[in-house]
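Novice: from the sequence below, what's the structure:
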Amino acid sequence: MTTSLEAINKDGSPLSGDKRWNVAFTGRTQMSMYEVFKSIFFKTELETRIFAFVIMREAASMRAAPESAGSMKEILDHSYASLPAKLETETLKTKVLSIFVYVYHLNDAGQTAELDTSNRLSVEDHCKKSGLGDLLKK
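Specialist: Have a look, this model is predicted:
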């Protein structure tokens, strides 16, 4: 399962109010006169993240991360809004929750968001800052 694309601060805390979930890279890549003017005089930066939760019999690992916002958008577009009915009753004797956090950075208006591979914040840090930390302990 994945979360929606979420706008965050550099420290991993979410942006406040509507700014947190109202994120669309596609709108930022269309250069209107306003976007051109804004990019000349104001540096526009945006940090976003997506959590991916995987429950399997053993810990999951990723062979390759979605490098661009476009590839992540494609994954999200082809994801389920809820668990498919045939999996709702599926049980696993052994369950391991693996959490992946994909952070994307957009430098300027009209540019493509890129995967941040710096790992400056751990998965645990992202979970705590997002408010998921206490929920995941239960």
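Novice: how about the helices in the protein?
Specialist: For the chain, the helices defined by DSSP state H occupy 25-28, 33-41, 69-77, 85-88, 123-130, 133-137.
Novice: from Arg57, how far out is the residue lying closest to Ser61 once chain neighbours are set aside?
Specialist: Distances taken as C-beta to C-beta, 6 or more residues apart in numbering place Ser98 nearest to Ser61, at 7.7 Å, with adjacent residues excluded. C-beta here means a position set from N, CA and C on the backbone, and glycine is covered the same way. Applying C-beta to C-beta, to the nearest Å, the value for Ser98 to Arg57 is 11 Å.
Novice: looking at the two, which is more packed in?
Specialist: Ser98 (15 against 10; other C-beta atoms under 10 Å).
Novice: hey, least reliable of the helices of the chain by pLDDT?
Specialist: Note on those: helix 25-28 shows the lowest mean pLDDT, a mean of 45.
Novice: centre-most residue in the protein?
Specialist: By C-alpha atoms, centre = their mean, the chain has its centre lying nearest to Ile50, at 1.5 Å.
Novice: quick check: that residue touching Leu115?
Specialist: No - Ile50 lies out of contact with Leu115 (C-beta atoms under 8 Å); the separation is 10.5 Å.
Novice: what is in contact with the two at once?
Specialist: Counting by C-beta atoms under 8 Å, 6 or more residues apart in numbering, the shared contacts of Ile50 and Leu115 are Tyr102.
Novice: chain neighbours aside, what residue packs nearest to the most far-flung residue of the chain relative to its centre?
Specialist: Going by C-alpha atoms, centre = their mean, the residue of the chain most distant from its centre is Lys93, 29.5 Å out. Nearest residue to Lys93, sequence neighbours excluded (C-beta to C-beta, 6+ apart): Arg57, at 7.8 Å.
Novice: pull out the buried residues from stretch 1-10.
Specialist: 2, 5-8 (16 or more other C-beta atoms under 10 Å).
Novice: now swap in stretch 121-131 and tell me
Specialist: 121, 126-130.
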